[in-house]
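>>> I would like the atomic coordinates for the input below:
(4 chains)
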Amino acid sequence: MLTGQKIEFSYKDNDYNGIFISSDNEKTTIKLDNGYNITVKNEDIKIKNVYGNIQKNKDIQMKNVEKHGKNNVYILTTGGTIGSSIDYETGAVKPVKDISYLYNYVNNIDDYNLFHENMDNILSENVDSKKWINFARKAKEKMDNNSSIIIFHGTDTMQYSAAALSFMFEDQTNPIIFTGSQRSSDRPSSDAFLNIEGSIHFSSMDVGEVCIAMHSDTSDNNISLHRGVRARKMHTSKRDAFRTIDNSEIAIYNNGKIKINAGYKKTGKNNILNDKLNDNISIVYFYPGMREEDFYNMVYNKYAVIIMGTGLGHVSENIIKVIKKLSRDVYFFMASQCIYGGVNLNVYSTGRELLKANVIPLYDMLAETAMVKAMYLSANYSDNFVNLMKTNLRGEINNRILW
Amino acid sequence: MLTGQKIEFSYKDNDYNGIFISSDNEKTTIKLDNGYNITVKNEDIKIKNVYGNIQKNKDIQMKNVEKHGKNNVYILTTGGTIGSSIDYETGAVKPVKDISYLYNYVNNIDDYNLFHENMDNILSENVDSKKWINFARKAKEKMDNNSSIIIFHGTDTMQYSAAALSFMFEDQTNPIIFTGSQRSSDRPSSDAFLNIEGSIHFSSMDVGEVCIAMHSDTSDNNISLHRGVRARKMHTSKRDAFRTIDNSEIAIYNNGKIKINAGYKKTGKNNILNDKLNDNISIVYFYPGMREEDFYNMVYNKYAVIIMGTGLGHVSENIIKVIKKLSRDVYFFMASQCIYGGVNLNVYSTGRELLKANVIPLYDMLAETAMVKAMYLSANYSDNFVNLMKTNLRGEINNRILW
Amino acid sequence: MKIGLEIHFQLKGSKLFCSCDTEGEKTDFVIERKMTPVMSEMGEMDSAVKYEYIRNRKFIYHTSTNSCLVEKDDEPPHNVDYNALKTAIALSMGLHCKIVDYVSFMRKLVIDGSNTSGFQRTGIIGMNGYIKTSKGNVNISTITLEEDAARKIMENEEKAEYSLDRLGIPLIEISTEPDIINQEHALETAKAIGYLVMSMDNFRGEVDSIRQDVNFSMGYGRVEIKGVSKLSFIRDTVNYEINRQESLNEISRILKIKGCEISNFSDITDIFKNTESSMIKKAIKSGKSVFAARITNVNHLMKYNNYHLGKELADVAKNMGIGGMMHSDEFPGYGISDKELNNVYNLLIKGENDGIIIVLTYKNNIDQLLSLLRSRLNKIINMDLAETRAATGNGETRYLRPLPGKERMYPETDVPLFEINGNLLNEAREIIPETMEEVNSKLNNEYKLSNIESDGIINNNLYNTFVKLIKIYNEPRTISRLLLQTIPELNKKYNSKIGNEDIIKILNIAKNAGWDRSNIEKALEIFTVKKININELIKMDELKSLNDDEIKKIIAKLINNNSITEKNIIPSFKKETNSTFNAKKVIEIYKKLKN
Amino acid sequence: MKIGLEIHFQLKGSKLFCSCDTEGEKTDFVIERKMTPVMSEMGEMDSAVKYEYIRNRKFIYHTSTNSCLVEKDDEPPHNVDYNALKTAIALSMGLHCKIVDYVSFMRKLVIDGSNTSGFQRTGIIGMNGYIKTSKGNVNISTITLEEDAARKIMENEEKAEYSLDRLGIPLIEISTEPDIINQEHALETAKAIGYLVMSMDNFRGEVDSIRQDVNFSMGYGRVEIKGVSKLSFIRDTVNYEINRQESLNEISRILKIKGCEISNFSDITDIFKNTESSMIKKAIKSGKSVFAARITNVNHLMKYNNYHLGKELADVAKNMGIGGMMHSDEFPGYGISDKELNNVYNLLIKGENDGIIIVLTYKNNIDQLLSLLRSRLNKIINMDLAETRAATGNGETRYLRPLPGKERMYPETDVPLFEINGNLLNEAREIIPETMEEVNSKLNNEYKLSNIESDGIINNNLYNTFVKLIKIYNEPRTISRLLLQTIPELNKKYNSKIGNEDIIKILNIAKNAGWDRSNIEKALEIFTVKKININELIKMDELKSLNDDEIKKIIAKLINNNSITEKNIIPSFKKETNSTFNAKKVIEIYKKLKN
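Below you'll find the predicted structure:
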């Protein structure tokens, strides 16, 4: 049987009609006429009749979006919850092909020319440096054509992707805004709609940065514009999962209006893209009792390693010994598993030992951002690698932590 | 020369008196008569005279603490910022030997009999399972003598230690309260004093749990009592670095009074200590682009691994393949790098694949707590390991996340 | 005539997809949400959904002590509650259904804000059962387990406010086939099912815990009437619906012959520039316009005798948030002057048999309204009356929205398939509810209660309580009297509500202290009046039970003074003390002392 | 007589141990802290620290736009600010000091709440320098770089409030040896050092940016007088101190002969049960008691002629938060009746030569007070007057606390040792400040200014600005006039404050547009009055500079009409236009057109 075929079957002595959905060795799922799916053991069910014609969902072509606004916005979908929609029969998820429905829900939408392209359909945990390069190149192409960029992206690794593009673009003519959703866009309560509305409005700003736009809180009111290199997903499931760590959001969108909260880099005159990335960088999370050999195994063949140490940036004595042995071949950087606040290796003897072992403290740079930055710098500026790692390039290092 | 010897020396043609502090191949540090230290190059300085008598700091013996209260409190110092004091000359840090000075600063101190013992003098990043066992045995000994326990501990890994003791004690007759400080106790602004005051008051509660007591905010007003298995250091340097994740603190102390905020386990009739721990457990922080071989190297020889996945608990496809290969020999558990919120492997296909690969989701258990729990359960309850990992034993799993 | 019922009832304990309790109180935190209509893959939007979206309301949710991130739609659902599932299976068994092998939950789109997710989770547990009635078996098509919606606190044009306390409470829905033959039969069936339902141990039993929907058909399409709150309204509602459909049938016949069309709406605001009608004045002031359309041949069909076509059309407007549609059968009225009316009629070229409707609304609503009115009028003329209607508070019904299609339903992928294994089936078998007949016979034969008593227990849904209390204090007549008389009287007298748990505690004390019925009643009254801790009761003089020594003392005194026999020892003993005592013990001790 | 000076001055730019700006505004966030006295390892507590602790005050800190977690003592200090360090080195060089090879910062305990950490960070930069004066070189013992304290907003018995805006501003402290021989010499030395200080480019130059401490000794121990705010007060303060110490010397001589003891305090509250003294009434009402003690042989030494022993003792009480100590030289007074006074005197057995002190305070303070009074009286009798005193606002001084020992200072381990390398030394050499003589000679010889002008520039600390402006607009006399006349006059006239950056911008415009002095003055006035954007100035008619074409047109007209020569072209040209013009250009064009 094929998904969508009409069937007649009996289950425990009663006869039913339905549509075949799926089956495996043990069980079969059928949609009944009343819309409900039931799943039953194969031994309990007897298929009596199968109708040949398959009810196939049409793949609807992208509508020709009317262009009436003055601001060009290119929406690139890459997958993730926001860019996908459920198959109402099987429950399977597939990419959204038609975003024209957006028009109905966005304030002042007439100011914008929306374009749309399905770049990819990938769960964000599978995004890697090759994908980042693709996204960046596509963004450059569209910015060169004077469009702002909105990238629909899974929220899981959005902060990594946004940081990657932040570093790769040394200058940019338009904002690049990542957005996503924590509740899928096939449900009426999805946060996607307001996130998109906010992103479209943010896209008309003169922000020459790569940002993340997501809910500010759990209500459908405000959308925050986060600097990509300082944002972090801080909740697994809430709408306001993203937070700017140790700083203010750049801006807040509410009901058609944007309020600026912090300084930002203005758009530049050219799009300068350095699209090389070095994959051989890793993050290691220190924990008490970590064994030397385990740490060694994790890091010995890496170009650079971001250590998420405890507190102000510490690891145990035995690990420092390993670092000392390896630090001629591997660059070690220190971030903190505390997430908030800066590392400081001057305060405790462990920190001073780490400095002696050539570990480089990154102040309040997020570990995830640090990894991406190391991937970028080691591929493009290996001569001045350590120095640039310590230098604030895209707002990834706060000079001052205010709260 | 020895530290503390008086010297006469000349520096760039001028003569000075001072006390010798230290020197290495390049430079010498001297305390001048005006109290200032100066550090100069060896080539610039000429020692003219050294007096034989060393000004040695006496090691003051612990004062006999008067016992006038009705509540016995045993303070165990293990090291860390709180249990140490600076050597006012050299700047070196050594353990506090006399805590009688506490008496001057604690409200209602007459209600308590304070005892004190220097158990250890270790930076908390060097604490490991052997230390945890020592701490627990000592705590049991003192609780058996009807004392509440306060453990002075470095803040860096306090959450791990508190979680370890939480699990090791299946029942306890008294509260065990970890406390520490973010600013060292040798400065007038230290948070230590109020943290200790709060801890002493909390110690008279009927809480049969292992807790952490630290500042609630940056002002010197409130001290929070956190459940050990749900607390996390969320800031590298602030006084209120510790947070109860996804729940309320158990109680708040303010100016002699305690306000209960959440339910807790009451003290029991016996101290039941299971003091075996399995060291072969690790935490792995997933990041996009993580290589199979790196992941393999990190985990192949472990008894169990806590993965800090993205979002609801995800890793990339290639890592799932490695997990599938290894999951007959290694237990894999999933926590989230988001810190807040629960993992849920039912929502996305990646999660469902992980379930198929025998990865066990831990809902909102903190990764750090999960590691310690696995160390405890695998050493004591290996028969029912996975089941107990998923079961709430000490409040480490919230059934409900409220905000 | 075909009637089917859908009976919904709440379970207490834990919510269906999280660990929150079903009971809780309001907290201060409030969240605000919007709902966005989600189109099907065919690019079509459910018209019910469309209505809500046109209203574009905000939804305010008040959190409660029994809500967590799941109710806030800020966390995926947890696994289905085991107890609720067990109850649903047991009930399915009690109604002779086939139990599914796996529960697959579905999402049913709901966009009125009553679900924070925008859908209701629901899954089939049992299919193809039946319930016996005096008119034969009524077949049960499905029994589903679903989550209840949020409780509406208030609503207006701009927003609706809900409390999250009710959202997620387990709800079992029992749907019958349209096998019910008339109003009386519907009532009987509802009662029989209701009895089974109420006898489930974890039936919630609060106000509104049972809600009925009625499916009705007399040949003109299926009408689904939502939310018939009381059993007695089932009859009224069906009667109302029969009258309505018969009347529409007459209208249909007339209009089929004469023809009927709605003209385009004309903006007639200018006519009312200086109107005396306060309603129209107010609307114009708030930026609305006045529109009128002509409907041919409906004069005296809009509202005249048994004809109510006007209401059928007004309901459409009302669902769009457009209140107060006026029509020519009501004119003159609403403060509209004859001159104004003439102007309108002239402008619209109203013929003698034509009707006029006037609405007050914003310009951008009017096209939508016209298309909905035309489609509704068309359906009426063709007597295709299938639709979803709402039961009103007075036994009537009103148009709500088209019948939902199965497109409204798609799989809830966040909740994994749950296999109903042998273990669970066995546990469910333990709690299959008994039918009214079975219970009746037990009360009469096993517990020796009178018919009046057993009817009382059954009708007041007290059988479960009765069985529970009997296990503590094995005096069926005493328990029956407590449940049917003492407690209701006390509750009425002191405006109190004695909980089952309190009764259980008092009966436990009574058993240990050897109290008789009057002691128990005394204890209940003291407890009700003084609101003291139950454990204090036993210390009160009036209720203190005499110990053996005290009993001995009194008996010794009685023996000395009087001619006490085994027969009069108890009344004599009673005169000597205010405290309670165990009569058996008294006799026992009397015998001992006597000898 | 030996006098030494400690001169502190603030630098602008970045704070010393974080990246906050030295300038900022108040924000709403407030934090509350306590300070806990930290005992030295010897178990002893500094008595200054003890005073503060007895007061047990709360400290409230108002955050500012220029404060971060470092100021809140919620983050370790960052590395030392490079610019501040460079300035400190340059100044050390200017004062002929030996520069240390490495800067090691120390923590100096301060417990009055003015530092959130409870200590001030300070490190030696230079040692053993000197400054030339008319009385020979005054040696500089050390030059340190430290962080400024928080700014006190208010204080009372319970709390002190501070703003964090000033905390952490770099402060350079220059300490001289006690080589200064008298008041005038002190003033001269302070002026000479101050001149060097003020001429540093990043000298902050706000109110209170320079503060002086005076170390004074006339043989009775070193007195450290904190916070002499104005130069002129140095003289007054030293004079006051000489008088004070001489007077105490006489008292000492008397008491050494006669003997002097303070009795225990007696609680004499009962005597004042019905007192008319509102001060005492109020104190008793607030829970305080009245205490009195007898001091032998101090009658007419407490406050009589030049004797002020009473103030010396009252200062001790004041520092404990006990205000209003009364003594017998003041009686009768304070509304105390003769009867009450007699009762007190009788109770304390006051002899004729004895004095009585009365204090109003809480019981638990009195032992502490007595011990401090005894120790102070003892020191006075033995003429050991070494102590820390505060300069008051009127040239007097008052007792503050004992001199701090070096135990108050221990290493700041959070700040790593900073090596002063050749690079930094070279950079510092570039900005070594010039002495007043050097500057004077440059102004006279290089820039050809009059003595009056150069004095004006020097005395008003305008040399740096002058040099900066000259580089833009190379007309020394014009710049001198702007700085000494035009701008002060404008500021006074319009109550404005024209910033250096504005002047620079205007001069840049002037240079490009070829403005002369009067144009510049016009521009400054317009800018001051209209507060417009500086770039708008050039567009104003009054200031618009004529372009070549416009100049040509006017000259052509002039040539046609008049007998214009190269000499009178400019005045004639001026009559023809309101706009400004470049005179050179006019002549140039005139020449071209003429030929």
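>>> Could you tell me which strands sit next to the lengthiest strand in chain C in the sheet, and their orientation?
Assignment by DSSP state E gives strand C:119-131 as the longest strand of chain C. Strand C:119-131 sits in its sheet next to strand C:98-99 (antiparallel), strand C:105-109 (antiparallel), strand C:138-147 (antiparallel), going by DSSP bridges.
>>> Buried residues in stretch A:136-145, which are they?
Buried residues in stretch A:136-145, defined by neighbour count with 16 or more other C-beta atoms under 10 Å in any protein chain shown: A:136, A:138, A:139, A:140, A:142, A:143. Any C-beta I mention is one placed from the backbone N, CA and C, and that applies to glycine too.
>>> Could I get the full set of helices for the stretch 301-450 of chain C?
In the stretch 301-450 of chain C, the helices defined using DSSP state H, counting those that start in this stretch lie at C:309-319, C:338-347, C:366-381, C:422-429, C:436-441.
>>> could you say what helices and strands the shortest one packs with?
Other helices and strands packing on helix C:436-441, by 3 or more C-beta pairs under 8 Å, 6 or more residues apart in numbering or on different chains; DSSP states H and E, are helix C:451-459.
>>> And for the longest one?
Where contact means 3+ C-beta pairs under 8 Å, 6+ apart, helix C:366-381 is packed against helix C:232-258, strand C:289-295, helix C:309-319, strand C:355-361.
>>> ok now that helix, how far from the chain's centre?
Counting by C-alpha atoms, centre = their mean, to the nearest Å, helix C:366-381 is centred 32 Å from the centre of its parent chain.
>>> Taking their axis directions, the longest strand of chain C and helix C:422-429 sit at what angle?
Angle of strand C:119-131 versus helix C:422-429, following axes from the mean of the first three to the mean of the last three C-alpha atoms, to 10 degrees, is 60 degrees.
>>> Put the alpha carbons of strand C:119-131 into CSV.
This file holds the C-alpha atoms of strand C:119-131, laid out as CSV (Å, rounded to 0.1, in the frame of the first residue of the first chain):
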residue,chain,number,x,y,z
PHE,C,119,-5.1,23.3,18.7
GLN,C,120,-6.5,20.7,21.0
ARG,C,121,-4.7,17.4,21.5
THR,C,122,-7.0,14.4,21.1
GLY,C,123,-6.6,10.7,20.6
ILE,C,124,-8.9,7.7,20.0
ILE,C,125,-8.9,5.2,22.8
GLY,C,126,-11.9,3.0,22.0
MET,C,127,-14.2,2.4,19.0
ASN,C,128,-17.4,0.6,18.2
GLY,C,129,-19.1,0.1,21.6
TYR,C,130,-22.6,0.5,22.8
ILE,C,131,-24.8,1.4,25.7
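>>> Run the chain-centre distance for it.
18 Å.
>>> who are the neighbours in contact with residue 235?
Unless you meant another one, I'm taking chain A. For residue A:235, the contacting residues are A:241, B:338, B:339, B:340, B:341, by C-beta atoms under 8 Å, 6 or more residues apart in numbering or on different chains.
>>> wait, chain C
C:183, C:184, C:186, C:187.
>>> which one of those has the most neighbours?
For those, counting by other C-beta atoms under 10 Å in any protein chain shown, the largest number of neighbours falls to residue C:186: 26 neighbours.
>>> which helices and strands sit right next to the one helix or strand that residue maps to?
Element membership for residue C:186 (DSSP states H and E) is helix C:183-198. Contacts defined by 3+ C-beta pairs under 8 Å, 6+ apart place helix C:183-198 against strand C:2-10, helix C:82-94, strand C:119-131, strand C:170-176, strand C:210-217, helix C:232-258.
>>> For the chain, give me the ranges with low pLDDT.
I went with chain A, as the question did not name one. Residue ranges of chain A with pLDDT under 70: A:53-69, A:87-105.
>>> oops, I was thinking of chain C
C:38-56, C:157, C:405-407, C:562.
>>> burial count for residue A:170?
Neighbours of residue A:170 using other C-beta under 10 Å come to 16.
>>> name the element it belongs to?
Going by DSSP H and E, residue A:170 is in strand A:169-171.
>>> and the gap between residue C:442 and residue B:377?
49 Å (C-beta to C-beta, to the nearest Å).
>>> More neighbours: which of those two?
Between residue C:442 and residue B:377, counted using other C-beta under 10 Å, residue B:377 has the larger neighbour count: 25 against 16.
>>> any idea how far the more buried one is from residue B:277?
Plainly put, residue B:377 is 10 Å away from residue B:277 if you go by C-beta to C-beta.
>>> Over to residue C:421?
36 Å.
>>> out of those two, which sits in the busier spot?
Neighbour count, other C-beta under 10 Å: between residue C:421 and residue B:277, residue B:277 has more, with 24 against 10.
>>> I'd guess that one is in a strand, am I close?
No. Assessed with DSSP: H, G, I helix; E, B strand; the rest coil, residue B:277 is coil; it does not lie in a strand.
>>> which residues touch the residue most central in space within chain A?
Residue closest to the mean C-alpha point of chain A, counted by C-alpha atoms, centre = their mean, is residue A:158 at 1.5 Å. By C-beta under 8 Å, 6+ apart, the residues touching residue A:158 are A:80, A:124, A:178, A:180, A:212, A:231, A:233, A:242.
>>> mind running it again at 10 Å?
By C-beta atoms under 10 Å, 6 or more residues apart in numbering or on different chains, the residues touching residue A:158 are A:78, A:80, A:82, A:124, A:127, A:151-152, A:178-180, A:212, A:214, A:226, A:228, A:231-233, A:241-242, B:310-311.
>>> and if you look at residue C:191?
C:133, C:231, C:234, C:436, C:459.
>>> near chain B at all, stretch A:169-187?
Yes. Using C-beta under 10 Å from any C-beta of the partner chain, stretch A:169-187 reaches chain B at A:182, A:184.
>>> So which bits of that stretch are buried?
A:169-170, A:172-187.
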